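Enquirer: model the following, please.
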Amino acid sequence: MERRHVSVSGVVQGVGFRPFVYRLAHDLNVAGWVANSPQGAIIEIEAPPLRLDTFITRLQDELPRHAAIQHLDCHDVSPLGESTFEIRQSSHEGAKSALILPDLATCPDCLREIHDPADRHYHYPFTNCTHCGPRFSIIHALPYDRANTTMSGFTMCARCRAEYEDPLNRRFHAQPTACPHCGPQVRLSGRSGKTLSIRWEALLEAAAAIRQGQIIALKGLGGYQLLADARNPEAIRLLRQRKGRYEKPFALMFPTPTQIASACTVNDAEWGLLESAAAPIVLLPYQDGAEIAPQVAPDNPYLGVMLPYTPLHHLLLEELGFPIVVTSGNVSDEPIVIDDNEALAKLSAIADLFLTHNRPIARPLDDSVAFVFEHEPVLLRRARGYVPTPIHINAVVDDIIAVGAQQKNTVAVAHDDNIFLSQHLGDVENLAANENFKRTLVDFQTLYELRPSTIACDLHPDYASTHYAEESGLKIVKVQHHYAHVLSCMAERQLDAPVLGVAWDGTGYGSDGTIWGGEFLQITEQGFTRAASLCPFRLPGGDLAAREPRRSALGLLYALYGENLPCDRLDFTEPELRLLLRALKQGINAPLTSSVGRLFDAVAALVGLRQRCSFEGQAAMALEYAQRRVKTDEWYPFEITSVTGDDRSCRRMIEWKPMIAALLDEHDPAVTSAKFHNTLAAIIVAVAEQVGEPVVALSGGCFQNRTLLDRAIKQLRRAGFRPYWQQQIPSNDGGIALGQIMAATRGMSDVSGSSGQSDQH
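Expert: Sure, this is the predicted structure:
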């Protein structure tokens, strides 16, 4: 007989790992025990050597569906002569490094139970097991035990306790285990907070209110959501008016896959994503004649669609039988609300009724958003269903925190060989969002008991996240925005330098103090060189240009024609035009930018699609959608010039003036858009050929544009390059914190890039 001590780290808590080990030990007649620990799981096994070898092999090959092993350490210890195998109480000793599972969509077994009148979980909206249900949204601390979750206040009844303690039951140590007799309950209240009904009656009355065109605030898995009948134009108009969200598309939840298929075109990969345990919102082309109010997604060929992912959503949608709008329960630009009192205070001006419950939410979690590209998911917003799954790196690093960017903010922490990226936090400009940003940083450090000595932030001096880093008292590493974009892609796709990074977005503070956004960065082991960039142009009004594409267009025309520019395509009054031309001439509040995002905006304005926007990216989206039915391989002329002289902060400049001059002669916005997208892809290939790096990493918000992404990848492959793009980590600023961590782990004392003339140190 031999005995072995096995330490396992990875996703091994809250996924039925211990009962799996218990059953495996009994199947092989192996003695010993298994227990959770702050690092993962600990196993001791005793049996003849061959049987122990078989146990270790099957342990890794037959894992439960959501479990994953990162590390397995096995060594011999002295036999104890045990003859039985048991599941022991969790150990609380040592540093905390166990991986927490994301919240998981309702599994088929639990779904079957809530529909079975003979089952004790019938119509119970908080049914779950080790295969599904809340995880990250309810945990306070490691290890993942009930006492460390928001379920600690609910005492299990005898029947739930029996399931919880039975190693052969799928609810064995499922921490949110509950039933109608001992668990959380729903209630319906009015704007005053007075209870109108409870339990099943509350759900029925909420459904009736939605049918009547009312707006319901629902307390979901990671926060409050606002619900309305997606078929009812007046209900959608009312929701937009009350929330101050006038044109940005709303997400939809459909009761069944069949109803999604009747409204949208869905391929196999998209079905897989919709029905996955993560259950994100998936962007799908809608079909003509779909029974959806046009106000849901104005001027947009896509619908953001999801299926019910909690028993509460399933029961409500089945009662309704039609799709509903499901949007974040928040005041504009603030975090999603998770507290009941705060919901009444902030959402009463929007919602008519509140369908709530008494299970506390530990932290806010929005729904994740994705589309499918080349049969793989591409995440635009990473939150519920994905966070806090880490990015694994091939190095063990000291504890580091990164504070991300200003918009679409996420924060990140590095611990051992994992980087944990937070859920989507949104823009951190106002007080409520900034407080949520700070809470999340503390939350992640507390979960893993981190003691960071280093903090990484953006180079931009005015970001709230930069100010936080500067006031932290920690060693600070300032990382150029687009360098962080490229490193984020490299970390996710496990790419080593050298790499040519293409970082295209709206704005990012450059090493030279100007606004970058059309960058080609040659990544080395030590840092980066600015291999090429879009020729800069001025943005009259600075940040206002992001909401007014006409301003970006005016900046382009001024650079091309001077004061005698043709302005008949732009919606300016004479006084406005005089003021802005004076600002351009004098360079007052008209910063230089190399932004491809602002180039998109400018072209959208010049072809008559958008002069002003009500949400970020609206003009670029309109330009992308305009060319959907045009098939052409033509592109506009452009030039790439080498920068000469001693001060070569950028090696090459991409001259866009020939392109703009040519597209002004076009009369069809669809043709212009198609040729514009082709031109951008051709520019990427032309620069790549001059630089000569075979591996090209694409990052930045512009690559959320499927047309640009598709054409760039196809042309790069055709030219013999190996392109990579981001999938599990957003290419927008939601991935910046990951790149900041990677920059800090490179051992660089300063990666801000003061000159860009050579590799940054």
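Enquirer: in three-state terms, label Val685 for me.
Expert: helix (DSSP: H, G, I helix; E, B strand; the rest coil).
Enquirer: try Leu52
Expert: With three-state DSSP as the criterion, Leu52 reads helix.
Enquirer: go on, Glu342?
Expert: Going by three-state DSSP: Glu342 is helix.
Enquirer: what's the local residue count around it?
Expert: 13 (other CB atoms under 10 Å). Quick note: C-beta positions are derived from backbone N, CA and C, even for glycine.
Enquirer: next up, the contacts around the most centrally placed residue in the chain.
Expert: In the chain, the residue lying closest to the centroid (CA atoms, centre = their mean) is Arg382, at 1.8 Å. Residues in contact with Arg382 (CB atoms under 8 Å, 6 or more residues apart in numbering) are Ser368, Thr410, Leu421, Gln423, His424, Gln728, Ile729, Pro730, Gly734.
Enquirer: need the buried ones from these selected in PyMOL.
Expert: Buried residues within the contacts of Arg382, by 16 or more other CB atoms under 10 Å, are selected in PyMOL with:
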select buried, resi 368+410+421+423+424+728+729+730+734
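Enquirer: let me know the closest of the contacts of Arg382 to Met156.
Expert: Gln423 (28.9 Å; CB to CB).
Enquirer: now the closest one: how far from Pro364?
Expert: Distance, Gln423 to Pro364, using CB to CB, to the nearest Å: 7 Å.
Enquirer: common neighbours of those two, please.
Expert: With CB under 8 Å, 6+ apart as the test, Gln423 and Pro364 both reach Gly222.
Enquirer: poorly predicted segments of the stretch 1-150 of the chain, please.
Expert: Counting by pLDDT under 70, the stretch 1-150 of the chain shows low-confidence ranges at 97.
Enquirer: which stretches of it form strands?
Expert: Here the stretch 1-150 of the chain has its strands, by DSSP state E, counting those that start in this stretch, at 2-11, 31-37, 40-47, 68-77, 85-87.
Enquirer: can you read off the pLDDT for the residue nearest to the centre of the chain?
Expert: Arg382 carries a pLDDT score of 98 in this model.
Enquirer: now for the residue located most distally from the centre of the chain: which residues touch it?
Expert: Relative to the centre of the chain, the most outlying C-alpha is that of Gly81, 50.5 Å out, by CA atoms, centre = their mean. For Gly81, the contact set (CB under 8 Å, 6+ apart) comprises Met1, Glu46.
Enquirer: and Gly501, how far from Val687?
Expert: Distance from Gly501 to Val687, by CB to CB: 11 Å.
Enquirer: which one of these two has more residues nearby?
Expert: Counted by other CB under 10 Å, Gly501 and Val687 do not tie: Gly501 has more neighbours, with 30 against 20.
Enquirer: how close does the residue farthest from the centre of the chain sit to Glu46?
Expert: As judged by CB to CB, Gly81 and Glu46 stand 8 Å apart.
Enquirer: common neighbours of the two, please.
Expert: Met1.
Enquirer: before we move on, the earlier item: the strands of the stretch 1-150 of the chain: which one's closest to Arg629?
Expert: strand 68-77 (43.1 Å).
Enquirer: quick one: the closest one to chain centroid distance?
Expert: Distance of strand 68-77 from its chain centroid, counting by CA atoms, centre = their mean, to the nearest Å, is 32 Å.
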